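**Q** coords please:
(chains A and B)
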Amino acid sequence: MSMILPVITLLPLLGVLLCLVVPREEAALHRGIGIGVTLTAFLVSLLVLSGFDPATMNHVVKWAWAPSLGIHFHLGIDGISLWLVLLTTFLMPVVLLSTVNAITEKVREFIIAVLVLETGMLGAFLALDLFVFYVFWEVMLIPMYFIIGIWGGERRLYAAIKFVLYTMVGSLLMLIALLYMYIKAHQATGQWSFAYDTMRNLILTPQEQLLCFVAFALAFCIKVPLFPLHTWLPDAHVEAPTAGSVILASVLLKFGSYGLLRYAIPFFPSAVAECAPYMQWLAVIGVVYGSLVAFAQPDIKKLIAYSSVAHMGFVVLGLFMLNPRSVNGAMYQMLAHGISTGGLFLSVGVIYERRHTRRLDEFGGLWQRMPYFAATLLIFTMASVGLPGLSGFVGEFLVILGTFSATRDAIGIPAVVEHAKLLGAICALGVVLGAVYMLWLFQRAMLGPLTNPLNKKLPDLTLREGLVMLPMLLMAFWLGIYPSTFLSDIDPAVVKTLAAFKEKNAAGPATDAPRMLGSTDAKPAADGKPALPAGHPAPTAK
Amino acid sequence: MTFDVADLQNSAPLLLLTVAGLVLMLLDAFSRSKLVGAPYQKKMPAETSEAYPLPVAGSRGYLMPVTVLLLLGILAVVAWLPGQIHGDHGVFMYRDMLVLDRFGLLVSGICIVGAILGVMTAPAFLRAHGLEMGEYYALVMFSLAGMVILVMAADLVTVFLGVEIMSLGVYVLAGMWRKSQRSAEAAMKYFLVGAFVSGLLLYGIALVYGSVGTTLLSEIRSRAPVFASRPLFYIGWMLIFVSFLFKVAAVPFHMWAPDTYDGAPTPVSGFMMTGVKAAAFAGLYRLFAVTLGDSQNALQAYTGWVHAAYGIAILTMTLGNLAALHQESIKRMLAYSSIAHAGYLLIGLIAMAVVGDSARGPLLFYLAAYTVTVVGAMGVVGWLSRDLRGGERLTLDDWAGMGQRHPAGALAMTIFLLSLGGFPPTAGFFGKFYLFRVALEKPSLLPLVLIGIANSLISVYYYLRVITAMYFRAPAPSSEPASEPLSSTALSVGVLIAALLVLGLGLMPEWLANLCAAAN
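**A** Here you go, the predicted model:
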């Protein structure tokens, strides 16, 4: 049994213990521990790649946790989670390195919060047991709350509480839906289980599916964030310290889209068939709305936050077009957004550390003083805009292509492709809008005459900042130039997920009692009563 | 009339608690008091005007370790006794007045663990506030004995005895802070309400006896179907029900609770919020979930207590939480949150009646999780809020910046608050999860669960407010001296154990969950 997954998940907690042992005053040592541990986790996580089979779960571990309740510490990794996990482990040392000057107070606490957060994120990406997923999902919440609340800006209290409450609304509803499915799965199989496979094979009635889907989708769409549930995001981003913004944008938001693809879509096909058009439209509205609002922001961080709303709109649209191309694009866009927006927030952090303001009109002409920085920001800007050859292009292109080329029989749900052309067209317009506000941002901050006297002595990137930016830049190019590194792992997993979705959808919803996919005969439940009524139509599974 | 010697063994926890209480009283009487100056001054300084005398290590310092050792011994007996139960139905004692079963032993164990942690956190607080009196330990023991009677009761008379013995000790404890007017108010309110409740309880018992002709719970259960439609029977049970709702502080019978929990000395408040509540819930369980019928028995339909409990659970959760939202005092917030938690526990009781025996495990687990969490939280409140000028500094403003001034205490408080709010991986999360899971098995309880979930969302806000104050806000700039945390090894160890239990039960819930599920 391969131990890689539990090791990378729990390694950060080892770092937490180390931090607790080291005296509080040793700030440098704490940073060293933090960077060392996260770097080790990254290197260990690379081992996952050897002999990786994207279409199945790799390196699976399954340990009993509370077996009498059907809870197992069950981790695994496939093509959908692979690059998100690597993105997480890759970003954490970079983020910690970026905070050397920004976080000078309560360093130990900061490192501990980031390490706990890493455990939560990795655990949630890797979980194959929904109870474990929920626990890690909630574990992420508290460190982020502290990161915003302790090291954040002026309105940090408001932003931190808003962040927690918004997330909690969704996750508590998800918990109810989860428990409901757990009970229904028990009725259908006679066994208590939170296992992912059990839940995915569980078929509920259309009404149950709809309610459970709404609960799951609400939790995930708040996290994405999908318009109109996005209002916590600008507050959280603006008030969070740079490191918090980077983690939030690059990884935490991905849990929304990851959750949709991993859980909400495969679990409830009939509800997805019903809701997909609404989700598509909300996603597209998010693209346009986010872009327009971003255009009007005087605060650089807020601008990037709204650009996240737009970019994540692409992701949700791609997911709910439900064809391999668009879903691949959505997955790719998740990675690309992680790199480009992470890079943008890191860049904002660089100038914020120098000037302690994020107001766009305070800057202008910085190129003259900070050429290396300007070049870096230009690359991230272009990556965000979707310039071919940089990370953003592939994902957006695939999503739009997948949207335009969606055909009726691809997934077997006519409603999904009803407005495909129109949606694709609006989305393409969103790309243009994105280019407008991002280029406008770059122009106002970097180009033109250097008028503000405060900016006249700004130093360029230091060596450390260069070391922070370099891996991000490399990844931005890599994602843009050679996408098959990533798509070769993503595509088989996406194809498999969609095939499973199609199969489950074809099997039709349950009529009154829950049943399992592939089972036609009534299985006795624990109490000896048949789970299926006689004469139940047999599912038409392939 | 026969007397079975085995009864002595089977009621050992009860007897040992009583003896231990007597021993502690004797020890106290024969230890010389060096503290005459502090607690027994003739003229008490007003609460905030004059400084307290500096705390002196009293000659009664050994009482706390002795009490803890005695309680650990009794806990060991409680842990050993389940081996003496053969069969499913428990062992009846004293002519069927008491019953020894795993349920009663588990709740006794929960009360005793809560009391041990409470006793460990108490002496530093008592000493700092000039309250170090040996009676505290003896009264805790006697009160615990009352709880044990209540949780083992198999007869309405022993139920009444248990409630009275438990409450008498607590009346005195609530008022032991003699310098504090609020403590006197707490004791007075609790006593008056308690006396009223005893009347209701006794009246209810009389009516039930009058209608059925017995006070034995098992007899009532078997005869009830014949008598259940009589108004006397119905009114009697409703009176008993209401009197227990008073004891667990369920809305609308909660009015005494905020003032009492808030005014009583902090360790005593912790004891009241946990031990008394746990024992009273065990009483509710025995009287209603068991005697008045499980889901197979149509008896509950006659009395309609489930419907009443349904509404009261909703009211209790909602009003408790809404009131807690506005509290500026942390202790008072915890008092209201304790009311809200009674509402969640009522869900467990209702599930016991509607879903069946599988709800017992969640109910007990929740009680255990709630007990360790609240005892720990109240321990920290007593620990961090001591004001050098007397009294306590309990407002959120006073606690601002506590994360920096007292990192260990603030961290422990954070763990307890997260547990109360139901965040994983804490005992509180697992308790809620387990409770909601079983309640969801019956669609009729879905609204209750949804309201419970909505309420835990509300509660997250006010628990996080405390964490926010402790970590995100700087201490209020003022010339006043800040609160001076107590310094006591026993206190820190007690809080540490509670915190470890909260995390341990959250990370490894299986053993306790199994224990609770098997506690028939």
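**Q** where are the low-confidence patches of the stretch 301-450 of chain A?
**A** For the stretch 301-450 of chain A, the stretches with pLDDT under 70 are A:409-410.
**Q** and the residue of it that's closest to chain B?
**A** A:His356 (18.9 Å; CB to the nearest CB). Where C-beta positions appear, they are placed from N, C-alpha and C, glycine not excepted.
**Q** count residues in the vicinity of that residue, would you?
**A** Other residues lying near A:His356 total 8 when counted by other CB atoms under 10 Å in any protein chain shown.
**Q** quick one: contacts for it?
**A** Contact criterion CB atoms under 8 Å, 6 or more residues apart in numbering or on different chains gives no residues in contact with A:His356.
**Q** need the helix or strand of the chain with the lowest average pLDDT.
**A** Chain wasn't specified; assuming chain A. The weakest-scoring helix or strand in chain A, judged by mean pLDDT, DSSP states H and E, is helix A:408-411 (a mean of 69).
**Q** was after chain B, sorry
**A** Going by mean pLDDT, DSSP H and E, chain B bottoms out at helix B:299-303, a mean of 55.
**Q** so what's the gap between stretch A:364-373 and the chain middle?
**A** Computed by CA atoms, centre = their mean, to the nearest Å, the chain-centroid distance of stretch A:364-373 equals 32 Å.
**Q** okay, now A:Phe298: neighbour count?
**A** No Phe there; residue A:298 is Pro. A:Pro298, neighbours per other CB under 10 Å, totals 12.
**Q** what of A:Val394?
**A** A:Val394: 26 neighbours (other CB under 10 Å).
**Q** picking that back up, now the residue of the stretch 301-450 of chain A closest to chain B: phi and psi?
**A** Backbone torsions for A:His356, taken as degrees, to the nearest 10, come to phi 50, psi 40.
**Q** tally of neighbours for B:Ile235?
**A** 16.
**Q** so it versus B:Val208, what's the distance?
**A** 9 Å (CB to CB, to the nearest Å).
**Q** quick check: buried residues in the longest strand anywhere in chain A?
**A** Taking DSSP state E as the criterion, chain A has its longest strand at strand A:58-66. The neighbour-count check on strand A:58-66 (16 or more other CB atoms under 10 Å in any protein chain shown) flags A:58-61, A:65-66 as buried.
**Q** now those residues as a markdown table including distance to B:Pro225?
**A** A markdown table is the format used below for the buried residues of strand A:58-66 (distance: CB to CB, whole Å):
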| residue | distance to B:Pro225 |
| --- | --- |
| A:Asn58 | 61 |
| A:His59 | 60 |
| A:Val60 | 55 |
| A:Val61 | 54 |
| A:Trp65 | 44 |
| A:Ala66 | 39 |
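**Q** take the residues you listed and lay them out in TSV including distance to chain B and pLDDT.
**A** Shown next, in TSV, are the buried residues of strand A:58-66 (distance: CB to the nearest CB, whole Å; pLDDT from 0 to 100):
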residue	distance to chain B	pLDDT
A:Asn58	26	85
A:His59	23	88
A:Val60	22	87
A:Val61	17	88
A:Trp65	7	87
A:Ala66	4	84
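**Q** and which of these is nearest A:Thr462?
**A** A:His59 (38.5 Å; CB to CB).
**Q** tell me the contacts of the residue nearest to the spatial centre of chain B?
**A** The residue lying closest to the centre of chain B (CA atoms, centre = their mean) is B:Thr274, at 1.7 Å. B:Thr274 makes contact with B:111, B:114, B:118, B:370-371, B:374-375, according to CB under 8 Å, 6+ apart.
**Q** with A:Cys221 instead?
**A** By CB under 8 Å, 6+ apart, the contact list for A:Cys221 reads A:170, A:229, A:256, A:260, A:279, A:282, A:316.
**Q** low-confidence ranges in the chain?
**A** The chain I'm using is chain A. Using pLDDT under 70, chain A drops low at A:1, A:409-410, A:519-542.
**Q** that answer is for a different chain, and I need it for chain B
**A** Ranges of chain B meeting pLDDT under 70: B:1-2, B:32-59, B:228, B:293-303, B:476-483.
**Q** rerun at 80
**A** Scanning chain B for pLDDT under 80 picks out B:1-4, B:31-61, B:86-89, B:130, B:132-133, B:223-230, B:289-304, B:387-392, B:474-487, B:520.
**Q** residue ranges of the strands in it, please?
**A** B:91-93, B:98-100.
**Q** from the chain's centre, how far out does the last one sit?
**A** Centroid separation for strand B:98-100 versus its chain: 21 Å, with CA atoms, centre = their mean.
**Q** ok, and what's touching that strand?
**A** B:10-11, B:14, B:81, B:84-85, B:90-93, B:149, B:152-155, B:158.
**Q** what about the residue nearest to the centre of chain B, distance to A:Ala276?
**A** For B:Thr274 relative to A:Ala276 (CB to CB), the value is 50 Å.
**Q** equivalent analysis for B:Leu505, please.
**A** 42 Å.
**Q** then A:Thr89?
**A** From A:Thr89 to A:Ala276 the distance is 33 Å (CB to CB).
**Q** the more surrounded of the two?
**A** A:Thr89 (25 against 21).
**Q** next up, the contacts around the more buried one.
**A** A:Thr89 neighbours (CB under 8 Å, 6+ apart): A:8, A:38, A:41-42, A:45, A:118, A:122.
**Q** again, but for A:Ala420
**A** When contacts are counted by CB under 8 Å, 6+ apart, A:Ala420 touches A:321, A:403-404, A:406.
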